[in-house]
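*Asks:* coords please:
(chains A and B)
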Amino acid sequence: LTLGQPWALALLLLALPIVLIYLLRAHPRRRQTTAAFLWRGLEQQMSASANWRRPPRSLALLLQLLALAASVAALAQPSLGERSSRQLIYLLDASPSMQATDVYPNRFEAARAAIRAEVEQLRDGEDITLIALEAHPRPLVASAEPSDVLRALGTAEPGARPVSLRDGLAMASERIRPALGGPREGSQIVVFTDGTLEPPAGIGPLALPVRFMSIGQAGGNQGVSSLQVRQAQGQTAQLSGFAVITNYADAPVRAPVRVAADDLPLQTHELDLPARGRAQLPFDVPLAARSVTVALGGRDHLPLDDRAEITVPENRPRTALLVSRSPEAWEQALSSLPSLEVTTQAPGAYRDIGSEIVVLDGFLPPRLPSGQIVVVNPTPGNGLVEVLGETRDVRLRPLDGRQPLLRSLDPTAIHLVKASRLGVPRWANTVAETAAGPAILQGELEGRRVVVIGFDPLVSGLEKLISFPILVANIVDFLGGSGADPYVPPGQTVTLALVPDAVQVELERPDGRHETISSRGGGVRIENTGQVGRYTLRQRLPSGEVQARSFSVNLFGEREADIAPHQIADWPAAGVLLADASRPGPIVWIPFAALALAILGAEWTHFVRS
Amino acid sequence: MSTDFVDYRPYLPGDDVRQIDWNAYGRLDELFVKLTEARERLPLYLFLDCSASMGTGEPNKLDTARQIAAALGFVALARGDSLEIVRLDGSGPVFRPLRGKQRFRELIAALSTLQAVGAKPLDLEIEGFRPNGPAGQAVLISDLLQPNGCQRGLEALARTGFQVSVIQVLSPQELEPPPGGDFELQDVESDERLQVGMSTQAIWTYQTRLAHWCADVKRYCARRNLHYARVRTDQPLEWVMLVKLRQAGMLT
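*Replies:* Predicted coordinates for the structure are as follows:
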């Protein structure tokens, strides 16, 4: 008999306070009697100390001590055999490519079945950890019995976000239980994957060997890898659409492509796609269209990227308010953006005129305007962002090159003569920084998006570079007149502006689920956009009218779409594994728990009867 | 001694002419003789235990004793008997005798002044009592919870010539003490203190002792030909008077 949780034996010390309670003489309550002579001889024995008494022969005390012992025994997880000294850690790849259907019903289910088959072969007493390899690796069960692992296995779901094998292995490494003398023979980490994951860099051999179980057979997939809609040059009657269809298979294929606007068919094409090549598809879109869909016909192994949808940028004029002492450069950059009407005010004459975008250059009003905000070169003590100091002659460096604010920009080429070192408030995160600290922030504050630029572009002569209008265009795109990014990758949080007097806001997800969501500060944050497809936000107005706005989450990543399975070579353990002589057996905590409950029931009955 | 009218019978020669009802002769033109029954008027002495122990219980024992005394007193006053209330609280004074139904208010007023304050042994109180007139009926209303018993007092009354009845009044809390926890029991009269755990066993032992105590009193009364009745304070007064005391032979 071995104990799975020997620390639980320490709980036996609880017997001491229980006995102490019985030894401690409670100060008796006073009660009047009319016949003390009839009670004589029934009084308790008084000891010399008024506070203590002899241990009473109490059935209740005996039952309580027995219940404690049985509970501790259950918590200690006694095993009829030995607790296995080997450790098994399973990683289940939940990346998008695991939804490929080249094996029935798909790779994820095949991986689930493979794990189930392995676990069912194991005896009780094994130490098994199961980790779902999602965008953020998630342990489903840790140091558990096979039956618990099988139950947890059913809760795993594949996702549409890219995953990191490195993060998964790092988590598995953290979960390795330290063993006396080192890990035992038979211990291993097993990764059930199709091998499309990026090779883990910067992580050396682990304490346990890593075995990669290859899932998947074929890589035939075609997908929409890009979709854009923009104002056609020189045309005002229609928009131009542009799609890229990629063939990830090793053989050329002919794929039917269907283009639709607002779910109405626009045109159908038969595209010849070369092996591991792509084809471009330009098309016209009616000016009134609000969404454009490109869908592939035919049959491939990954349906996730066979359909892409994009929200057409609104063509209506948007308004921007520029508050600046030297507005020329900003005014020029903003005015060059299509459909943006710019109004300029001096800081002394500032008045919130309800513009959708407000650029506050070296100035911050006591009360923030209602629109989306760009704060340029904030002064110390402005009340919005803390200015920690100043630095000179530095270069920008991005924290994440995929940030929309830095699209088509090389921040490292931007030299700043002078920049502020910003503190990062809770509502913001850093987009770019200098050697001294954060320099560009973005975030959401009370339902509005806010961009903070911690330097004056004019001081650094930035307005003379092509980077400046690109940065301004990115900022305006990010702050969004339409409220939705034209391209939303899986998992990205989306913020939509709400009609001020909407009485009910409901979101329909791609799988058809509806949920009522709460709005705050005139905007709504939609998180958990892990599903690919169309999300529709419906706002019910007091008049009963329903306004609907949609955005789509598309799988455009080539790494996720290239589903050709790869066998990853196994990793040996960092050290030598010791022989495992343990004989695992089933844990028998349930009888002890039942006994504890029965004793407690008896104690309760005794209490009630007495 | 008084006479009460019972019936008529026709006059026979030799009858006392003083017994002829001349009013009947006037109406019926026949002679009738009134038959009467002689009855001795016996005074009733109600001994009320006013010791501190009678002030306990829910309902209160002294209140129950007052109600029984008032009911018995009303019967006596209605019959024209002399009624005397003797309070046993160690303070000594005795209410003056009452007679006639019209004194019932006085009886109630006298009973309402009683308080459960005494701590003097009941035996001594009763032994020290000397009636002003002839001995009659004596009714002792008490919980009889005296460590030394009250047989000496009852013996003294019987020796004096009283026809003694005993009504023992006990509260539900005395008969069925509530369980739970440790208590310091304090005797309301002797101030004796005991540390007692109110376990089922302890309560069972107490109830057995109390039952034996009451049985001893009842046996003594039966041996001495005294009427005895035990009354719970939560029993209705009507039931006590019409059933309990009748069964005990105190009322006919």
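*Asks:* and A:A111, which of the three is it?
*Replies:* Using DSSP: H, G, I helix; E, B strand; the rest coil, the secondary structure recorded for A:A111 is helix.
*Asks:* so it touches A:I215, yeah?
*Replies:* Yes - here A:A111 reaches A:I215: they are 4.7 Å apart, a contact under CB atoms under 8 Å. The way it works is simple: take the backbone N, C-alpha and C, and place the C-beta from them, glycine included.
*Asks:* find the residues that touch each one of the two.
*Replies:* Here A:A111 and A:I215 have A:93, A:98, A:192-193 as joint contacts, going by CB atoms under 8 Å, 6 or more residues apart in numbering or on different chains.
*Asks:* for these, which one is nearest A:G125?
*Replies:* Checking the shared contacts of A:A111 and A:I215 against A:G125 with CB to CB, the nearest one is A:F192 at 23.0 Å.
*Asks:* okay, the closest one: pLDDT?
*Replies:* The pLDDT attached to A:F192 in the predicted structure is 95.
*Asks:* helix, strand or coil for it?
*Replies:* Here A:F192 is recorded as strand under three-state DSSP.
*Asks:* please name the residues that touch residue 193.
*Replies:* Going with chain A. A:91, A:93, A:95, A:98, A:111, A:133, A:165, A:212-215, A:568.
*Asks:* oops, chain B please
*Replies:* Going by CB under 8 Å, 6+ apart, the list of residues near B:R193 reads A:36, B:184-187.
*Asks:* among those residues, show me the least confident.
*Replies:* Within the set of those, pLDDT is lowest for B:E184 (86).
*Asks:* ok, back up a step: columns neighbour count and secondary structure on top of the contacts of A:T193, output as a markdown table?
*Replies:* Supplementary listing: the contacts of A:T193 in a markdown table, determined by neighbours: other CB atoms under 10 Å in any protein chain shown; DSSP: H, G, I helix; E, B strand; the rest coil:
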| residue | neighbour count | secondary structure |
| --- | --- | --- |
| A:L91 | 27 | strand |
| A:D93 | 26 | strand |
| A:S95 | 26 | coil |
| A:M98 | 27 | helix |
| A:A111 | 29 | helix |
| A:L133 | 29 | strand |
| A:L165 | 25 | helix |
| A:F212 | 21 | strand |
| A:M213 | 20 | strand |
| A:S214 | 17 | strand |
| A:I215 | 27 | coil |
| A:I568 | 20 | coil |
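*Asks:* returning to that earlier point: for the contacts of B:R193, which one is nearest B:G80?
*Replies:* Minimum distance to B:G80 across the contacts of B:R193 is 42.7 Å, recorded for B:D187 (CB to CB).
*Asks:* burial count for the residue lying closest to that closest one once chain neighbours are set aside?
*Replies:* Leaving aside its sequence neighbours, B:D187 sits nearest to A:A36 (CB to CB, 6 or more residues apart in numbering or on different chains; 3.6 Å). Using other CB atoms under 10 Å in any protein chain shown, A:A36 has 22 other residues around it.
*Asks:* chain B against chain A: which residues are in contact?
*Replies:* Those residues of chain B that sit near chain A, judged by CB under 8 Å from any CB of the partner chain, are B:53, B:56-57, B:143, B:145, B:147, B:174, B:179, B:181-190, B:192-197, B:199-200, B:202, B:205-206, B:209-210, B:213.
*Asks:* quick check on those residues: which are buried?
*Replies:* Members of the residues of chain B next to chain A that pass the buried threshold by neighbour count (16 or more other CB atoms under 10 Å in any protein chain shown) are listed as B:53, B:56-57, B:143, B:145, B:174, B:182-183, B:185, B:187-189, B:194-197, B:199, B:202, B:206, B:209-210, B:213.
*Asks:* residues contacting A:D262?
*Replies:* Counted by CB under 8 Å, 6+ apart, A:D262 has contacts A:289-291.
*Asks:* contacts with chain B among these, please.
*Replies:* Of the residues in the contacts of A:D262, proximity to chain B by CB under 8 Å from any CB holds for none.
*Asks:* and the next helix or strand past the helix ranked longest in chain B?
*Replies:* Assignment by DSSP state H gives helix B:200-223 as the longest helix of chain B. Toward the C-terminal end, the helix or strand that comes next after helix B:200-223 (DSSP states H and E) is strand B:227-232.
*Asks:* give the buried residues for the strand or helix carrying A:S71.
*Replies:* Taking DSSP H and E as the definition, one finds A:S71 inside helix A:59-75. Burial within helix A:59-75, assessed by neighbour count using 16+ other CB under 10 Å, is assigned to A:61, A:63-75.
*Asks:* separation between the nearest residue to B:A156 once chain neighbours are set aside and chain A?
*Replies:* Here the nearest residue to B:A156 in space, its sequence neighbours aside, is B:E127; by CB to CB, 6+ apart that works out to 4.5 Å. If you measure B:E127 against chain A using CB to the nearest CB, to the nearest Å, the figure is 21 Å.
*Asks:* B:E238 too?
*Replies:* Distance of B:E238 to chain A, computed by CB to the nearest CB: 26 Å.
*Asks:* so that residue sits in a helix?
*Replies:* Yes - inclusion of B:E238 in a helix is indicated when three-state DSSP is applied.
*Asks:* what segments of the stretch 51-200 of chain B are helices?
*Replies:* The residue ranges that make up the helices of the stretch 51-200 of chain B, judged by DSSP state H, counting those that start in this stretch, are B:61-78, B:104-112, B:122-127, B:151-160, B:172-175, B:200-223.
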